[in-house]
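> Got a predicted structure plus its sequence, pasted below:
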Amino acid sequence: GNIRLGLLPASLRPYFSRRNRPCSHSSSTFHQSVTIIYYSLHTARPLSSDDASNEWSPSSWRNAVAKQMPVYDDHAELEKAIKTLDRVAPLVFAGEVRSLHEKLARVAQGEGIVLMGGDCAESFKEFHVNHIRDTFRVILQMALVMTYGSSMPVVKIGRIAGQFAKPRSEANEVIDGVSLPSYRGDIVNREEFTSEARRNDPHRMVEAYYQSAQTLNILRAFSTGGYADISRLHAWNLDFVEGTEEGSRYRLFASKVDESLRFMKAIGVDTSKPEFTSVDFYTSHECLLLPYEQALTRQDSITGNWYDCSAHMLWVGERTRNLDGAHIEFTRGICNPLGVKVSDKCTPEELIRIINKMNPHNIPGKLSIIVRMGAEKLRNHLPGLISAVQREGKTVVWISDPVHGNTRKTKSGYKTRDFDKIREELNAFFDVHDEMGSHPGGVHVEMTGEDVTECTGGLSDVTEDTLKHRYNTTCDPRLNGNQALELAFLIAERMRLRTGLPPM
């Protein structure tokens, strides 16, 4: 219903007539795939460039208002860093991006669910293969639980290999009367409160690129080199989760999956195929530092389209999603799947204008709406947003970000998030979609595979008094592996409830 036959060449139109649709449960997937492939191969200019006054280029964002951008004091140094990045190899490739787009198109039609997870902000000093491995295996655990619970494929997307930059409420930070530039993530400056550390250093973009390249190499090895083999699902349990209630629940669940695998082998299913031994894992980050994003944008040699090759998917944050802003201008011209974060401040009318700007041709899987409000505000505001999208016939993926709207500061000065509040917002997200007849498309969380004490509550029983024990974040508080797994079981149970399946 979302495909306008007039936009397709005559040779493809017969495949989309109701009489000639493939007679299988995956016919909608067929339509989405052909639509995406058609637009990729035959749209030589950006999808939103409808006239000469609306032309796009990787640098056209420079003509718009750019919020949350660091100021560099040495223009020659900045240009040198950008020229270096102009010449490096892409971190991801157009074919991989199109693969993710096809999967998100299925989610948009209610045929899957998205799991986005990873660090609040990646760090240069914390970079280590073990840290990447532990975050990866928590995501594997969460995805397996959600797949089993929902009976749907889970699209796995990490906030990783590029999630360095962070927006700031104030351009400067003041301590004891001393004012210095705010810490904007390791890709911009350093966290220590000194003038040298807080200087915005453009060479750090090059450092971030090379760390991202190493991270992607590690992730690709884990994804396809046997670590993600479903027969190893017991080995994915983190040591610090092993003896907990959620660890025990996971072991019981893993035994059920083991039993299913043994049955499949017994009836002749080959569980050594890639479907069982590897996973598709994609990367994403907030599109914030536009000189970096522009420098890594490449024109696909097959289609002639532009892709931001710093990640498979990018999202625009709540603070930079203004329609006349540089971030919307940049993202509207790239062919990557996109996301946009919205709070209760976003009106239905504004959301429709954002959708029209970022996905003017209403292509399934192109745009995800990532909702961050807090439970009470979500119950009041999300129905209006969904209603507007339904009324206008727009196709989007609805994703819950239940962490960002629930951040608070304790009396002792620690920034934290209460797990109970996170759970309430996620339940509210499912409740609203149940009422509206729409598909709850996924979850977006800040989490880590480390045994941190940054978010209070949950079965891990972190309290305000114990936050100081392992409070390691350089930015916002993250769920630890135990809390992340608890959240995955909640999502699985809600999806089972929606489909009428018995509790896990």
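Looks like it came in fine.

> what residue lies at the spatial centre of this protein?
The centre of the chain sits closest to Met116, judged by Cα atoms, centre = their mean, with a distance of 4.3 Å.

> Need the three-state assignment for that one.
strand (DSSP: H, G, I helix; E, B strand; the rest coil).

> residues touching it, list them.
Met116 sits next to 157-159, 284, 399, 442-445 when contact means Cβ atoms under 8 Å, 6 or more residues apart in numbering. In this view, the C-beta of every residue, glycine as well, is placed from N, C-alpha and C.

> how about 6 Å then?
157, 444 (Cβ atoms under 6 Å, 6 or more residues apart in numbering).

> and it, bridged to which residues?
Ile157, His444 (DSSP bridges).

> mind checking pLDDT for it?
Model confidence at Met116, given as pLDDT, is 98.

> any idea how far it is from Tyr282?
9 Å (Cβ to Cβ, to the nearest Å).

> Now the common contact residues for these two.
Going by Cβ under 6 Å, 6+ apart, residues that sit against Met116 and also against Tyr282 are Ile157.

> Contact partners for Val443?
Ser400.

> change it to 8 Å
Here Val443 is in contact with 114-117, 399-402, 426, 487, 491 (Cβ under 8 Å, 6+ apart).

> quick one: the helices in the protein?
Along the chain, counting by DSSP state H, helices occupy 27-42, 75-87, 94-108, 129-150, 203-224, 239-242, 245-266, 274-277, 290-295, 326-331, 348-358, 375-392, 419-436, 481-499.

> Mind putting these into a markdown table with mean neighbour count?
Shown next, in a markdown table, are the helices of the chain (neighbours: other Cβ atoms under 10 Å):
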| stretch | mean neighbour count |
| --- | --- |
| helix 27-42 | 18 |
| helix 75-87 | 13 |
| helix 94-108 | 22 |
| helix 129-150 | 22 |
| helix 203-224 | 18 |
| helix 239-242 | 16 |
| helix 245-266 | 15 |
| helix 274-277 | 13 |
| helix 290-295 | 23 |
| helix 326-331 | 24 |
| helix 348-358 | 17 |
| helix 375-392 | 18 |
| helix 419-436 | 20 |
| helix 481-499 | 22 |
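
> okay if I get those as a markdown table plus mean pLDDT and distance to Tyr307?
Listed next are these as a markdown table, based on pLDDT from 0 to 100; distance: least, Cβ to Cβ, whole Å:
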| stretch | mean pLDDT | distance to Tyr307 |
| --- | --- | --- |
| helix 27-42 | 49 | 10 |
| helix 75-87 | 98 | 15 |
| helix 94-108 | 97 | 5 |
| helix 129-150 | 93 | 24 |
| helix 203-224 | 97 | 15 |
| helix 239-242 | 57 | 37 |
| helix 245-266 | 80 | 36 |
| helix 274-277 | 86 | 25 |
| helix 290-295 | 98 | 11 |
| helix 326-331 | 98 | 12 |
| helix 348-358 | 98 | 15 |
| helix 375-392 | 98 | 26 |
| helix 419-436 | 96 | 31 |
| helix 481-499 | 91 | 30 |
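
> Adding distance to Ala165, write these out as TSV.
Formatted as TSV, the helices of the chain follow (distance: least, Cβ to Cβ, whole Å):
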stretch	distance to Ala165
helix 27-42	28
helix 75-87	14
helix 94-108	20
helix 129-150	19
helix 203-224	8
helix 239-242	30
helix 245-266	32
helix 274-277	34
helix 290-295	8
helix 326-331	12
helix 348-358	20
helix 375-392	26
helix 419-436	24
helix 481-499	23
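
> Which among those helices is found nearest to Pro167?
helix 326-331 (10.4 Å; Cβ to Cβ).

> what about Asp73, how many neighbours?
Around Asp73 sit 10 other residues, with neighbours defined as other Cβ atoms under 10 Å.

> Check the gap between the nearest residue to Met142 once chain neighbours are set aside and Ile113 for me.
If the residues on either side of it in the chain are set aside, Met142 comes closest to Ala488, at 3.8 Å by Cβ to Cβ, 6 or more residues apart in numbering. Computed as Cβ to Cβ, the Ala488 to Ile113 distance reads 11 Å.
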